[in-house]
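Novice: Pasting the sequence and the predicted coordinates here, then a few questions.
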Amino acid sequence: MPIRIPDQLPARATLESENIFVMTEYRAMHQDIRPLNVLILNLMPTKIVTETQILRKLSNTPLQVQVELLRTSSYQSQHTDEDHLESFYTTFDQVREQNFDGMIITGAPVENLDFTQVDYWEELCEIMTWTRTHVHSTLHICWGAQAGLYFHYGVEKHTLPSKLFGVFDHRVLKPSSPLFRGFDDVFQAPHSRYTEVYESDIRAIPELELLSVSGDAGVFAVKSVDSRQFFIMGHPEYDPDTLAREYFRDRDKGLDIHVPHHYFPENDPSRPPIVRWRSAGQLLYTNWLNYYVYQTTPYDLRAISED
């Protein structure tokens, strides 16, 4: 949340130059407050785990957030009880006439398929088209980010020589970006994917801003110039044991999987991992929700469709 100070206080200029968000008395007095409406399209097979991870990040803020969970109707989840889906999830047909302050589109374990081979690709394209006129700001995660970049901007994904798996260092390219307020110059984030997008492809599109990269993991954070679309290639919301569970699952199946990089102490899977990404992950979700949703969304959500 912003700090509220008198309009002419000398400290205002200093704080703003340090990328600290301050709110003048005039702006504070003229703000209309209401709950934020956020829609989460959960494409992960383990929906309960994913929804819990994301809700944990969204809840750790003074903002009041009203969340609605969305599933695809063109593909039936095989790993989540139908009663849970019927009780807590909605379909696109049920929300297509509504507007939302924010939306999150999760990753999905379908990276090795061409986009058009994904069972629900047509439905996802319809949803992503709808976000342009019915959602103030949309946050895409991992495969969801690659799908969004391809759909909105034609950015291709490319297969990696081997799975990118572990926790990696990242650097902030644009420290003045509100998305990275409070971040260290170098921060860590988990990755688990077989594909990537090229930095050169992102830089070639004037409508996109490259915000963060990793020497080992490549492109991490991208946004549209108008801040309506965000694309995050990693999983800053992951739990401490998420990579461990994935590693042991694949190892027990006899799959070719290496120990996640920079995760287990001394690369020893018998030892519990040390979490080095929790604070950065929380900051990223909080900053997106505060600066790109709460601070800029119209009070009357119907105005989103008129932008």
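Specialist: Sure, I can see it.

Novice: ok, now how distant is the nearest residue to R132 once chain neighbours are set aside from L39?
Specialist: Leaving aside its chain neighbours, R132 sits nearest to R228 (7.4 Å; criterion: CB to CB, 6 or more residues apart in numbering). Glycine gets a C-beta too; all of them are placed from N, C-alpha and C. For R228, the distance to L39 equals 14 Å [CB to CB, to the nearest Å].

Novice: Which one of these two is surrounded by more residues?
Specialist: Neighbour count, other CB atoms under 10 Å: between R228 and L39, L39 has more, with 25 against 18.

Novice: Identify the residues contacting that one.
Specialist: Residues in contact with L39 (CB atoms under 8 Å, 6 or more residues apart in numbering) are 67-68, 70, 95, 100, 102-104, 135.

Novice: from those residues, which is closest to S162?
Specialist: I104 (28.4 Å; CB to CB).

Novice: low pLDDT regions in this protein?
Specialist: Residue ranges of the chain with pLDDT under 70: 1-12, 14-16, 18-33, 78-81, 306-307.

Novice: Show me the strands in the stretch 201-307 of the chain, by range?
Specialist: Listed in chain order, the strands of the stretch 201-307 of the chain (DSSP state E, counting those that start in this stretch) span 208-214, 218-224, 229-232.

Novice: Turn those into CSV, columns for distance to R251.
Specialist: Output for the strands of the stretch 201-307 of the chain, formatted as CSV (distance: least, CB to CB, whole Å):
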stretch, distance to R251
strand 208-214, 25
strand 218-224, 25
strand 229-232, 27
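
Novice: just checking, which of the contacts of L39 belong to strands?
Specialist: 67-68, 70, 100, 102-104, 135 (DSSP state E).

Novice: what's the neighbour count on T52?
Specialist: For T52, using other CB under 10 Å, the count is 12.

Novice: Phi first, then psi, for it.
Specialist: phi -70, psi -40 (degrees, to the nearest 10).

Novice: So it versus T61, what's the distance?
Specialist: Distance of T52 to T61, given as CB to CB: 16 Å.

Novice: can you give me the helices for the stretch 51-200 of the chain?
Specialist: With helices called from DSSP state H, counting those that start in this stretch, the stretch 51-200 of the chain shows them at 82-88, 92-95, 121-134, 143-153, 199-203.

Novice: and R245, which of the strands of the stretch 201-307 of the chain is closest to it?
Specialist: Of all the strands of the stretch 201-307 of the chain, strand 229-232 sits nearest to R245, with 21.0 Å by CB to CB.

Novice: Quick check: which helices or strands does that closest one pack against?
Specialist: Secondary-structure packing of strand 229-232 (3 or more CB pairs under 8 Å, 6 or more residues apart in numbering; DSSP states H and E): strand 135-141, helix 143-153, strand 218-224.

Novice: can you count the residues close to the nearest residue to V259 once chain neighbours are set aside?
Specialist: Excluding the flanking residues, the one nearest V259 by CB to CB, 6+ apart is N267, at 5.3 Å. Using other CB under 10 Å, N267 has 13 other residues around it.

Novice: Just to check, N267 is in contact with H258?
Specialist: No - judged on CB atoms under 8 Å, N267 makes no contact with H258 at a distance of 9.5 Å.

Novice: wait, Y247 sits on P269?
Specialist: Yes - here Y247 lies in contact with P269, judged by CB under 8 Å, at a distance of 6.7 Å.

Novice: between these two, which one's more packed in?
Specialist: Here Y247 and P269 are compared on neighbour count by other CB under 10 Å; more neighbours surround Y247, at 23 against 15.

Novice: Switch the strands of the stretch 201-307 of the chain over to JSON lines; also include mean neighbour count and distance to F183.
Specialist: Listed next are the strands of the stretch 201-307 of the chain as JSON lines, based on neighbours: other CB atoms under 10 Å; distance: least, CB to CB, whole Å:
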{"stretch": "strand 208-214", "mean neighbour count": "20", "distance to F183": "9"}
{"stretch": "strand 218-224", "mean neighbour count": "23", "distance to F183": "10"}
{"stretch": "strand 229-232", "mean neighbour count": "27", "distance to F183": "13"}
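
Novice: So for L164, which of these sits nearest?
Specialist: Closest to L164 of the strands of the stretch 201-307 of the chain is strand 218-224 (CB to CB; 8.0 Å).

Novice: coming back round to it: just read off the phi/psi values of the residue nearest to R132.
Specialist: Main-chain torsions, R228, degrees, to the nearest 10: phi -90, psi -20.

Novice: got any residues that touch both of Y247 and P269?
Specialist: Common contacts of Y247 and P269, defined by CB under 8 Å, 6+ apart, comprise V259.
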